[in-house]
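K.L.:
return atomic coordinates for the entry below.
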Amino acid sequence: MTNISLMKQDAYAVFLISISAFLVYSNSLNGIWAFDDILINYGTSIDQIINISKTRIISYLTFLINQKINAYDQFNFRILNLLIYIVNSNLVYLISFITIKNYDNIQKDNQIPFYIALISALLFAVHPLNINAVSYIIQRMASLATLFVLLSVLFYIYANNATEMTKKIGFYLISALSIISGILSKEIATLAIPLILLYDYIFISKFDKKYFLKKLLFICSIGIAALILASLFVPVIKSAAEIISLFQNINEPIQNRNWLAADVYWTPLQHILTEFRVISRYLLLFIFPLPKLLVFDYWNYPISKTMFEPVSTFVAILFVLSLIIFSVIKIKKYPFLSFGILWYFISISLESFIAVGLDLYFEHRNYMPLTGLCFGIIAQLILFSWKWLEFRYAKLLVFIVILIFFGGMTFQRNFVWNDKIVFWKDVLEKTGDNPRPLIALGNSSHAHGYFADAEKYYKEAVKICSDKKYSGFLLNVLYRLGFMYISLEKQEQAVKIKDLIGKLYKYPKEYYVLNGMLLNLNRDYNNAIENYNFALSSAFSPYELADKATILSLIGESYRGLGQYLKAYNYYQAAVNISPSLSAAYHGIAKLEIAQRKFDSAKDNLNKALMFDPYNFMVLTDMAYLMLIQGNKFQDALPYAKKAIEANPPLYQPYLIMGIIKLAPGNEREAQMVFAKAKELKARDYQILFNMAWGYSINRNTEKQNYCLKELLKLKDVPDNIKNMAIKLLSQSH
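P.N.:
Residues are numbered from 1 along each chain as shown. Okay, here's the model as predicted:
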């Protein structure tokens, strides 16, 4: 085949692989921020990124690039995830093609290498088991690590094929640098070393043990050098020592490691036994990746207490060991299949069997393992059935099956990424009494203004966590529930939650945050600030930086209450610097600017707050209020006020604004109903009268405006600023 034909062939393959991957993920590009995706927007400079994560600095640097483009748009982050995925899919094609082309037992003048490489890459590109690694933004770490591992293998192949010594050395150097870059993306890239050894033994040394042993020291030297350089950033020795110490107490519950999952209560041995069942499920999903079987977060995956409890543990152990033994024994007879299976188990070993104490189940861990498994299985199948595949339309049929069966299921599954409540309900339906989706549903329902639903989910999570003694989750959900109660001014319920946290956890920072919020609600701003500062003195993990930003924003609220606007602004800005997606901080800044009559910038900050929290009824209310004070634009204010009361908020402020908007065009009957709702929610009489007067003034009904103002002045509990304003308006009307 001529070089021109090969170039056309490769161009066709790249196009088909790339467009297929893009199409099956096209419906998820505007999807939600999920789980700990929030971490990607914490570091807004290189120095901050290094402080947050020295171990995965390359991944965070790519997040920084996205931030500079648009920190608030998930499409911007997702499209780069997808581009990396497309590159990886094409690397699978390239490595597969070179491997088959160089294999001695295959003729050089037929289409076998092309079709094996294309179908392998296409299967990887559209397989549903990769969804969580692509659509889950922060798992760019896994895809970048995979990218560099594939590059390290590719350039190792180039080095072995090179005849010139300078090229050979250069390719080896690039291979080593790729390993380092992979480790600095995610630690799983350390597995590039055994993966290269596996590839070399089968496809370069071709089972010649003497030849392979001669190269073994050299390959290990490259790996060790890469690890030493990477250890300048990644605590390789410390991490290895921690893992070894865990295995020394294999029957003791795992504890005291900063990288552990929440509420780990199992032992290292139980973790390993459980992973046999987990991996068996992964492999089932590889063959039958039905959307109803795929799950984003299976934190409460049932533990294997012993080898026979449950009995499926023993079956899974037999299944996994049989695959490994088969691959080792039959490696010469079925080299490609053996390579794919062994690549899979090596690639998944670190997160599943070595780093015990991580979450037991996460489907994104299959990303790097599938690169080799797809190639190994497809290569072996096609080599077995090539004559049959020569039958007319057979090759086309293979493409159609992969694209429709696997690609169709990927496309269908990606729809759940477009709505947080749908997303977490999907998790909850598949994992039962899993506290994480319940807490996430509570958070999402709260954010959407579905307060009754949020309370229901939080309370259900509290019950599960209490019954099963999930201490970490229980503190989290109690804090979220208490936070919501205070935001809705339900002080009695909030006090009970706060006191329970203090009793159960010996007064952690969450206790002082809730106490500060209660003090702030009662206008005891100085003591509120004291409580917040005490909470800030605690340690915050990278996963708790959002909470730290929230506390800074709350301090800003207290200083705003004290009238110290500059201090308030500085705290709000400090919160934004940590968490650029914190709606409350933008809202606080906007309220400062409204008080200072900086209306244009206030509108910008309210829009930012709504970008991250579009259903926040208080932000919507303040936007409607801003429209009114900027020239009585009641028509512009109406959509915001309407959206603010759609969720039936339990506070009176949205109804006061809607009452003004109803009175402005003369809809007195509707306005009276809205003001009655505000009174039911404990709006003061003077507040209702003042806002009624405002509505009548927009309607130019001076008589009724003055009547409301006079009735207001008869009341005894009117603040001086409202009283003075009423007197001024009365004098102006005369």
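K.L.:
and the pLDDT at Ser733?
P.N.:
pLDDT, the model's per-residue confidence, is 69 for Ser733.
K.L.:
then Asp36?
P.N.:
Model confidence at Asp36, given as pLDDT, is 63.
K.L.:
hang on, Ile331 is in a helix, isn't it?
P.N.:
No - under DSSP: H, G, I helix; E, B strand; the rest coil, Ile331 falls outside any helix and is assigned coil.
K.L.:
leaving out sequence neighbours, find the closest residue to it.
P.N.:
Closest residue to Ile331 in three dimensions, ignoring its sequence neighbours and counting by Cβ to Cβ, 6 or more residues apart in numbering: Ser338, at 4.1 Å. To be clear about C-beta, it is placed using only N, CA and C from the backbone, and glycine gets the same treatment.
K.L.:
mind telling me what element the nearest residue to Leu260 once chain neighbours are set aside is part of?
P.N.:
Distances taken as Cβ to Cβ, 6+ apart put Gly357 closest to Leu260, at 4.3 Å, once the chain neighbours are dropped. Secondary structure assigned from DSSP states H and E places Gly357 in neither a helix nor a strand.
K.L.:
please apply the same query to Lys567.
P.N.:
Taking DSSP H and E as the definition, Lys567 sits inside helix 565-578.
K.L.:
and that helix, what's buried?
P.N.:
Counting neighbours by 16 or more other Cβ atoms under 10 Å, one finds that the buried residues in helix 565-578 are 565, 567-569, 571-572, 574-578.
K.L.:
for it, packing partners?
P.N.:
Helix 565-578 makes packing contacts with helix 545-561, helix 583-595 when contacts are defined by 3 or more Cβ pairs under 8 Å, 6 or more residues apart in numbering; DSSP states H and E.
K.L.:
what's the last one in contact with?
P.N.:
When you say that, I think you mean helix 583-595. Identification of contacts with helix 583-595 by Cβ atoms under 8 Å, 6 or more residues apart in numbering yields 549-550, 552-554, 556-557, 560, 565, 568-569, 572-573, 575-576, 579, 599, 601-603, 605-606, 608-613, 616, 618-619, 622, 625-626, 629.
K.L.:
so what's the gap between it and the chain middle?
P.N.:
A distance of 27 Å separates the C-alpha centroid of helix 583-595 from that of its chain, computed with Cα atoms, centre = their mean, to the nearest Å.
K.L.:
again, but for the first one
P.N.:
A distance of 23 Å separates the C-alpha centroid of helix 545-561 from that of its chain, computed with Cα atoms, centre = their mean.
K.L.:
what does it rub up against?
P.N.:
Applying Cβ under 8 Å, 6+ apart, the external contacts of helix 545-561 come out as 38-39, 42, 52, 509, 513, 516-517, 520, 523, 525-526, 528-529, 532-533, 535-536, 540, 565, 567-572, 574-576, 578-579, 582, 584-585, 588, 591-592.
K.L.:
my read: the residue nearest to Ile331 touches Lys330, true?
P.N.:
Yes - taking Cβ atoms under 8 Å as the definition, Ser338 is a contact partner of Lys330 at 6.1 Å.
K.L.:
more neighbours, the two?
P.N.:
Neighbour tally, Ser338 and Lys330, criterion other Cβ atoms under 10 Å: the higher count belongs to Ser338, 23 against 13.
K.L.:
from Gln380, how far off is that one?
P.N.:
Plainly put, Ser338 is 9 Å away from Gln380 if you go by Cβ to Cβ, to the nearest Å.
K.L.:
before we move on, the earlier item: how far away is the residue nearest to Leu260 from Pro268?
P.N.:
For Gly357, the distance to Pro268 under the criterion Cβ to Cβ works out to 8 Å.
K.L.:
list residues touching both of the two?
P.N.:
Applying Cβ under 8 Å, 6+ apart, one finds that Gly357 and Pro268 are jointly contacted by 246, 254.
K.L.:
what segments of the stretch 51-200 of the chain are helices?
P.N.:
Secondary structure of the stretch 51-200 of the chain (DSSP state H, counting those that start in this stretch): helices located at 57-70, 74-102, 112-126, 131-135, 140-161, 165-183, 192-199.
K.L.:
check which helices and strands the third one sits against.
P.N.:
Pointing back at helix 112-126 there. Helix 112-126 is packed against helix 3-25, helix 74-102, helix 367-389, helix 394-401, with contacts defined by 3+ Cβ pairs under 8 Å, 6+ apart.
K.L.:
buried stuff in the first one?
P.N.:
The neighbour-count criterion (16+ other Cβ under 10 Å) identifies 9-10, 13-14, 16-18, 20-22, 24-25 as the buried residues of helix 3-25.
K.L.:
what mean pLDDT does stretch 364-382 have?
P.N.:
Along stretch 364-382, the predicted confidence averages to a pLDDT of 95.
K.L.:
same check on stretch 440-460?
P.N.:
Stretch 440-460 carries an average pLDDT of 94.
K.L.:
any idea how far it is from the chain center?
P.N.:
For stretch 440-460, the distance from its own C-alpha centre to the chain's C-alpha centre is 19 Å (Cα atoms, centre = their mean).
K.L.:
now do it: everything it contacts.
P.N.:
For stretch 440-460, the surrounding residues in contact (Cβ under 8 Å, 6+ apart) are 35, 420-421, 424-425, 427-428, 438-439, 461, 477, 480-481, 484, 488, 613, 615-617, 646-647, 649-650.
K.L.:
which of those fall in strands?
P.N.:
The subset of the contacts of stretch 440-460 located in strands under the criterion DSSP state E is empty.
K.L.:
which of the residues you listed count as buried?
P.N.:
Among the contacts of stretch 440-460, the ones that count as buried by 16+ other Cβ under 10 Å are 35, 420-421, 424-425, 427-428, 438-439, 461, 477, 480-481, 484, 488, 613, 615-617, 647, 649.
K.L.:
does Leu474 touch Val462 like I think?
P.N.:
Yes - here Leu474 reaches Val462: they are 6.7 Å apart, a contact under Cβ under 8 Å.
K.L.:
the helices in the stretch 551-700 of the chain, which residues?
P.N.:
Taking DSSP H, counting those that start in this stretch as the criterion, the stretch 551-700 of the chain contains helices spanning 565-578, 583-595, 599-612, 617-629, 634-646, 653-663, 668-680, 685-698.
K.L.:
show me what contacts the closest residue to Asp426 other than its chain neighbours?
P.N.:
Nearest non-adjacent residue to Asp426, counting by Cβ to Cβ, 6+ apart: Val416, 5.0 Å away. Contacts for Val416 were tallied using Cβ under 8 Å, 6+ apart; they are 422-423, 426.
K.L.:
again, but for Thr313
P.N.:
Under the criterion of Cβ under 8 Å, 6+ apart, the contact list for Thr313 reads 273-274, 276-277, 304, 306-307.
K.L.:
which one of those has the most neighbours?
P.N.:
Ser304 (27 neighbours).
K.L.:
show me what the helix or strand that contains Ser349 is in contact with.
P.N.:
Assigned by DSSP H and E, Ser349 falls within helix 335-349. Outside helix 335-349, the residues that touch it by Cβ under 8 Å, 6+ apart are 188, 191, 194-195, 198-199, 202-203, 279, 282, 320, 323-324, 326-328, 330-331, 365-366, 368-377, 379-380, 383.
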